[in-house]
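Q: With the input below, show me the fold.
(one chain, ligands or ions: 1)
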Amino acid sequence: GEIGDTPVYIGGQQFAAWKHTQLILDAVPGRGGMFSLDNGREQRFLVRGRAFDMQEIDMLDPVDRVRAMRAALADDPHRFWLDQARRISWSRFPTRSDDSSFDAGDFAISWFSDGELNLCVNCVDRHLETHGQKTAILFEGDEPGEGRRLTYRDLHEEVCRFANALKHLGVGKGDRVILYMPMVPEAAIAMLACARIGAVHSVVFGGFSPDSLADRINDCGARVVVTADQGMRGGRPIALKANVDGALAHCPAVDSVVVIRRTGADVAMIEARDHRWEELRETVSPDCPAEAMAAEDPLFILYTSGSTGKPKGVLHTTGGYLLWANLTYDILFGGRPDDIFWCTADVGWITGHTYVLYGPLSNGATTVMFDGVPGYPDAGRFWETAGRLGVSVFYTSPTAIRALMRDGDEWVERHDRSSLRLLGTVGEPINPEAWNWYHRVVGEGRCEIIDTWWQTETGGALIAPVPGETATRPGSATKPLPGVHPQLLDADGALLEGATEGNLVIAQSWPGQMRTVYGDHERFFQTYFTTYPGKYFTGDGARRDADGYYWITGRVDDVINVSGHRMGTAEVESALVAHPRVAEAAVVGMPHDIKGQGIYAYVTLNKGEEADDELRRELRQWVRQEIGPIATPDAIQFAPALPKTRSGKIMRRILRKIASGEADGIGDTSTLVDPDVVDRLINGSESAF
Ligand code: WT7
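A: As a prediction, the model looks like this:
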């Protein structure tokens with residue numbers, strides 16, 4: 001049998017095994033106990049990630065359980081992963097685990113390939129019997145207290161209806177569906193509905209422009225778009241439906257749009273193409289069978305910026321991704337059945353996929369969906385809301401922490417934070433000052449800080465402290481999770497040992513790894529596996545201290561991390577040169593007090609064009625319109641010429657130094673066609689803001 005299928009007895013009381021393993025550990029940590037199955041069969045049994053024979057079940061505390069996982073993994077990885085696979089429900093349990101290779105000759109990434117399952121069943125259906133009345137989603141709108149709760153049972157009905165509506169619109173297994181949504185429960189419902197029928201969702205963050213949306217729709221070949229009339233953030237409406245209309249002028253393949261009511265604004269509806277969700281909902285049945293999916297069937301595509309070209313469609317598959325979301329949520333954040341978990345990310349980013357939805361829901365937890373911003377209506381919003389909702393685990397970005405720290409302690413202290421027990425961060429390096437403030441002021445010194453390093457490509461966290469197991473250090477993501485094999489390499493690919501600094505690679509596959517770039521498998525291989533043959537290259541640099549702790553230093557490629565969001569320099573450059581008055585542009589990252597990194601653009605104008613503040617404003621606005629507000633340059637320096645080598649290559653190293661105000665560290669410029677350009681750029685950098 002499977003976890004969740006076979007009842008278990010403790011002290012004569014019957015429980016579903018899945019729920020039970022959690023209860024007992026929390027109730028009697030450190031004490032022994034015995035499970036018996038009602039069919040009397042001998043069965044290997046999973047307690048918090050370690051497989052036990054029925055006879056040897058021992059109560060482990062959460063720290064021991066992760067240590068046991070590491071030991072089991074070292075002992076027999078194949079058996080370990082198949083034991084871990086019992087965390088989730090399969091319609092066909094796998095016999096295979098890792099069949100991956102990063103080598104060019106037999107390149108493949110594949111996990112649990114002969115298993116069959118449905119992600120939606122794992123996140124919804126399997127909880128119905130044991131805790132159907134538990135709150136699955138706690139929605140908090142833009143205005144404090146504007147919200148609603150959906151139990152697992154409510155979620156089940158809504159997801160089934162949405163799935164039937166999608167089917168009604170002709171969506172089937174393997175079809176791509178675009179979501180361009182606010183952070184409302186319907187976003188989760190639509191994602192789970194796609195998973196239920198085997199459709200592949202691709203969520204596009206609501207802050208992206210119509211052009212960016214159109215690029216993504218066309219790249220993945222979606223026929224259906226789900227959106228809302230408007231979004232509402234910080235008291236300001238966001239024209240989601242109007243943006244979709246703008247995008248669809250360039251997307252001939254889209255024939256259906258589902259529009260969810262969020263603000264009730266009057267929006268244009270196009271006959272035959274556009275459907276109101278509230279009307280569709282009434283026409284469909286609340287029952288929908290779940291499609292059995294192969295473990296390696298695609299689950300979702302999420303576009304992310306790289307160092308070159310247009311954003312890539314990162315593709316994740318069903319079994320491995322779900323297992324990694326489930327496992328990492330459990331060991332990092334989960335553990336208590338009455339936890340209220342709040343990850344502040346938007347579902348338009350990977351953090352929103354894995355830790356707003358799939359991690360918590362597959363663990364049967366209560367997850368908060370927040371449709372607002374940290375500073376609205378005031379800088380106390382996070383803590384006011386956390387207190388009111390009784391949030392116990394809170395997960396946000398260093399950018400948000402830095403911004404709130406600047407606003408002062410009193411905004412935190414005026415709200416009751418006694419429900420908090422654990423605090424997490426993600427998305428960018430956190431400076432020790434912000435870490436300490438989060439720990440001391442927000443967490444009153446009693447909550448551990450979990451700094452989690454990962455990427456859209458990794459599906460879930462890879463380097464992060466396990467609460468209770470790993471002693472934390474401000475600014476370090478600490479150590480790899482079980483099954484993760486980081487290495488540091490020098491520029492030539494030589495392995496660096498001990499305390500050192502270098503380029504961060506992962507030497508072996510893990511279940512949550514991306515499987516391909518949608519529609520361009522060659523680009524996938526080229527991007528991640530050719531810089532250091534046989535290894536996955538993260539694009540990050542890191543330091544490792546004498547105790548084996550990792551300290552991520554940031555991107556070593558042409559990707560800028562703005563407020564924890566990735567922006568490709570090439571994308572911003574191509575937006576700038578699309579402006580009629582711009583001849584050439586080069587974009588680099590610069591240090592930014594709040595956002596971590598800001599966007600610094602060097603712009604050369606066409607002959608005869610006049611550089612002034614008016615044009616600077618216009619270019620900023622132009623980039624916002626072309627890509628979206630997150631791409632807005634923080635600084636634009638008008639440059640008569642850019643530093644180029646004889647082969648015409650722009651020396652970005654120099655541009656980065658000038659943008660960071662480190663002009664004295666520029667070093668050798670002798671390979672430049674015109675070394676004087678550098679002095680002119682240094683002199684002009686004052687006026688870039
Ligand atoms: C890049 C990935 C992970 C989900 C959100 C961002 C940076 C992420 C950390 C951290 C230092 C971090 C890296 C990484 N990053 N987390 N804890 N410490 N840097 O996902 O948009 O795919 O960006 O974010 O540079 O490569 P993403």
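
Q: which parts of this protein sit against the ligand?
A: In this structure, the chain approaches the ligand at residues 304, 350-351, 426-429, 451-456, 477, 538-540, 552, 554-555, 561, 564-566, judged by C-beta under 6 Å from any ligand atom. C-beta: built from backbone N, CA, C; applies to glycine.

Q: Just those residues: which are in helices?
A: When helices are assigned by DSSP state H, the members of the residues of the chain next to the ligand inside them are Ile350, Thr351.

Q: out of the residues of the chain next to the ligand, which are buried?
A: The neighbour-count test (16 or more other C-beta atoms under 10 Å) applied to the residues of the chain next to the ligand identifies 304, 350-351, 426-429, 451-456, 477, 538-540, 552, 554-555, 561, 564-566 as buried.

Q: Helices of the stretch 51-200 of the chain, start to end?
A: With DSSP state H, counting those that start in this stretch, the ranges of helices along the stretch 51-200 of the chain come out as 62-75, 77-84, 119-120, 126-131, 152-168, 185-197.

Q: any idea which of those helices scores lowest on pLDDT?
A: In terms of average pLDDT, helix 62-75 trails the rest of the helices of the stretch 51-200 of the chain, at a mean of 85.

Q: picking up where we left off before, output the helices of the stretch 51-200 of the chain in CSV, with distance to Phe333 and mean neighbour count appended to each entry.
A: Listed next are the helices of the stretch 51-200 of the chain as CSV, based on distance: least, C-beta to C-beta, whole Å; neighbours: other C-beta atoms under 10 Å:
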stretch, distance to Phe333, mean neighbour count
helix 62-75, 11, 17
helix 77-84, 17, 18
helix 119-120, 19, 27
helix 126-131, 17, 18
helix 152-168, 19, 22
helix 185-197, 18, 27
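
Q: Show me what stretch 433-453 is in contact with.
A: Outside of stretch 433-453, the residues within contact range by C-beta atoms under 8 Å, 6 or more residues apart in numbering are 332-333, 383, 394-395, 398, 401-402, 405, 409, 412-413, 417, 420-426, 430, 461-465, 467-468, 472, 474-478, 540, 550, 552.

Q: Could I get the buried residue list for that stretch?
A: 434-439, 441-443, 447-453.

Q: One more: stretch 518-528?
A: Using 16+ other C-beta under 10 Å as the test for burial, stretch 518-528 gives Tyr518, Arg523, Phe524, Thr527, Tyr528.

Q: Quick check: which helices or strands does whichever strand or helix holds the third one pack against?
A: According to DSSP states H and E, Phe524 maps onto helix 521-529. Using 3 or more C-beta pairs under 8 Å, 6 or more residues apart in numbering; DSSP states H and E as the contact criterion, the elements in contact with helix 521-529 are strand 312-317, strand 516-517, strand 536-544.

Q: residue boundaries of the strands in the stretch 201-350 of the chain?
A: Read by DSSP state E, counting those that start in this stretch, the stretch 201-350 of the chain holds these strands, from start to end of the chain: 224-228, 231-233, 236-238, 256-260, 274-276, 293-294, 298-304, 312-317, 340-343.

Q: Pick the most buried one from these.
A: The highest mean neighbour count among these, using mean count of other C-beta atoms under 10 Å, belongs to strand 224-228: a mean of 28.

Q: strands paired with that one, and their directions?
A: Using DSSP bridges, the strands paired with strand 224-228 are strand 176-180 (parallel), strand 256-260 (parallel).

Q: what separates the residue of the chain most remote from its centre from Phe638, distance-wise?
A: Going by C-alpha atoms, centre = their mean, the residue of the chain most distant from its centre is Gly608, 45.1 Å out. When C-beta to C-beta, to the nearest Å is the yardstick, Gly608 and Phe638 sit 14 Å from each other.

Q: Then Ala239?
A: For Ala239 relative to Phe638 (C-beta to C-beta), the value is 32 Å.

Q: Who has more neighbours out of these two?
A: Counting neighbours by other C-beta atoms under 10 Å for Ala239 and for Phe638 shows that Phe638 has the greater number, 20 against 16.

Q: ok, the more buried one touching Ala611?
A: Yes: when contacts are counted by C-beta atoms under 8 Å, Phe638 is listed as touching Ala611 (3.7 Å).

Q: Mind listing the shared neighbours of these two?
A: By the contact definition C-beta under 8 Å, 6+ apart, Phe638 and Ala611 are jointly contacted by Leu605.

Q: Least confident secondary structure element in this protein?
A: helix 17-27 (a mean of 36; mean pLDDT, DSSP states H and E).

Q: residues contacting the residue of the stretch 351-500 of the chain found nearest the ligand?
A: Residue nearest to the ligand within the stretch 351-500 of the chain (C-beta to the nearest ligand atom): Thr456, separated by 3.4 Å. With contacts taken as C-beta under 8 Å, 6+ apart, Thr456 has the following neighbours: Leu302, Thr304, Val314, Trp349, Ile350, Met514, Arg566.

Q: There's contact between Val284 and Val159 in this structure, I believe.
A: No: using C-beta under 8 Å, Val284 is not in contact with Val159, being 11.5 Å away.

Q: how many neighbours does the residue nearest to Tyr303 when sequence neighbours are not counted have?
A: Counting by C-beta to C-beta, 6 or more residues apart in numbering, Tyr303 lies nearest to Pro311, which is 4.1 Å off, once chain neighbours are set aside. Pro311 has 22 neighbouring residues, counting by other C-beta under 10 Å.

Q: From Gly424, how far out is Pro311?
A: From Pro311 over to Gly424 the distance is 26 Å, taken as C-beta to C-beta.

Q: cool, and Tyr536?
A: Shown here: Tyr536 relative to Gly424, a distance of 24 Å by C-beta to C-beta.

Q: again, but for Gly564
A: With distances defined as C-beta to C-beta, the gap from Gly564 to Gly424 amounts to 13 Å.

Q: could you list every residue that touches the residue of the stretch 101-250 of the chain found nearest the ligand?
A: Taking C-beta to the nearest ligand atom as the measure, the stretch 101-250 of the chain has Phe205 as its residue closest to the ligand, at 10.6 Å. For Phe205, the contact set (C-beta under 8 Å, 6+ apart) comprises Asp346, Gly348, Trp349, Gly628.

Q: Out of these, which comes closest to His78?
A: Taking C-beta to C-beta as the measure, His78 lies nearest Trp349 of the contacts of Phe205, at 33.1 Å.

Q: Backbone torsions only: list them for that closest one.
A: Torsion angles at Trp349 (phi, psi; degrees, to the nearest 10) stand at phi -120, psi 170.

Q: just checking, it touches His565?
A: Yes: taking C-beta under 8 Å as the definition, Trp349 is a contact partner of His565 at 7.0 Å.

Q: Arg656: what's it in contact with?
A: Arg656 is in contact with Val588, Gly589, Met590, counting by C-beta under 8 Å, 6+ apart.

Q: I'd assumed it was in a helix, is it?
A: Yes: per DSSP: H, G, I helix; E, B strand; the rest coil, Arg656 lies within a helix segment.

Q: Next, give me the two most distant ones among the buried residues of stretch 433-453.
A: Val441 and Trp453 (23.5 Å).
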